[in-house]
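Novice: fold the stuff below for me.
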Amino acid sequence: MRILLFALTETYESLVPALEEKGHIVKLINQHAGGINIYYGGPKAISWAEEEIKRFKPDIVVSNMAGLTLPPSDDYTYFGNTSESSRLELYKWETRQKAWEYGFELPEVVLECNLNEMQRFPYTTYLKSKYHDMWCQAWKVLPDADLDYQNMIFSEEGASPAYVEKEVDFEVEGYCQYRICNGTYTITSIKGIHGDVSGYKIMGAETDWRNLTCLRDLTPEQEEVYREKCEDWLEYAASLGGNYEGNVSGCITSDLKVYWFEHNGRHSMYSDFVGDADSWLESFTKNTDENFWVFNDHIKGEQQCGE
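Specialist: Residues are numbered from 1 along each chain as shown. The predicted structure is shown next:
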């Protein structure tokens, strides 16, 4: 089969040779192709992607970008988000409220502003876009951050509505990998991330989230409360349609409260593919709890976790 993949860099690179070994003809396109940032979608990105599809003539199209939501077609099988499911990643303000309705605690909002109007606080905060824009991510802001530089960067692209959350004091970050398929969900892995996983969210920092982090099993008590929240959430997410893989991020406090961080309707960067490539393709249409992705072989921060 001919398979066209849209994904962020350092996401599907290890998948391509596994598909090719099965005899498939594969083309991988990243977010910076065509001189535009297709990750955030929009009419130009959609039309550009559709032209690439016409040229390649694929049997299967996989979009591992929530912003690049493609319409269904009789010419190929499409695996990706629907316009409704993509909002869970792209419209963080409304998703935050929905997470509260499904039982998550929420970090305290200390300011609503535009992205280029960040103010200084005596504690660490996170600046997030409210709606779908070219940034659409969380930015970690330290008390001594250069806000003049940061606000200038955001001003260059125009002011977008945003909000600022106070950092939560937690025991461990929860990381839930899932797959949504034909209106149902499967959790493929739940782990705890130890170390400074949020370091990559600082403006200008290295983007590899594995720096000084490692994955470990949650305690039975932590996994129980985190899994319960994720199951309720993913049942809702699955009702929005789509066939895709992704992750839910939150944290567990010392008194076992579960706080919401974010929903990603795409597979994470910086992991390696393992297993059978045809089984991975089938997992978009057949329910399976097989996890095809590993992070542990390349975790950089083992000493940070007491190894």
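
Novice: now residue 133: which helix or strand?
Specialist: Using DSSP states H and E, residue 133 is not contained in any helix or strand.

Novice: what's the pLDDT at it?
Specialist: Residue 133 carries a pLDDT value of 86.

Novice: which ones are touching it?
Specialist: 40, 115, 160 (CB atoms under 8 Å, 6 or more residues apart in numbering). No exception for glycine: its C-beta is placed from N, CA and C like everyone else's.

Novice: one more time with 7 Å, if that's ok
Specialist: Counting by CB atoms under 7 Å, 6 or more residues apart in numbering, residue 133 touches residue 160.

Novice: ok, residue 283 next?
Specialist: 179, 181, 290.

Novice: and residue 46, that's in a helix?
Specialist: Yes: Residue 46: assigned to a helix according to DSSP: H, G, I helix; E, B strand; the rest coil.

Novice: that one: neighbour count?
Specialist: Neighbourhood size, residue 46 [other CB atoms under 10 Å]: 16.

Novice: do the same with residue 37
Specialist: Neighbours around residue 37, by other CB under 10 Å: 15.

Novice: mark which of the contacts of residue 283 are buried, thanks.
Specialist: Burial by neighbour count, 16 or more other CB atoms under 10 Å: within those this picks out 179, 181.

Novice: and the contacts of residue 283, which of them are in strands?
Specialist: The strands, defined by DSSP state E, take in 179, 181 from the contacts of residue 283.

Novice: just the buried positions in stretch 102-113, please.
Specialist: Neighbour-count burial for stretch 102-113 [16+ other CB under 10 Å]: 102, 104, 105, 107.

Novice: hmm, I typed the wrong one, I wanted stretch 82-89.
Specialist: Result for stretch 82-89 [16+ other CB under 10 Å]: buried residues 82, 85, 86, 87, 88, 89.

Novice: between these, which is closest to residue 68?
Specialist: residue 86 (8.7 Å; CB to CB).

Novice: I'd like to know how far the closest one sits from residue 8.
Specialist: 15 Å (CB to CB, to the nearest Å).

Novice: before we move on, what about residue 66?
Specialist: Distance of residue 66 to residue 8, computed by CB to CB: 11 Å.

Novice: please apply the same query to residue 62.
Specialist: 13 Å.
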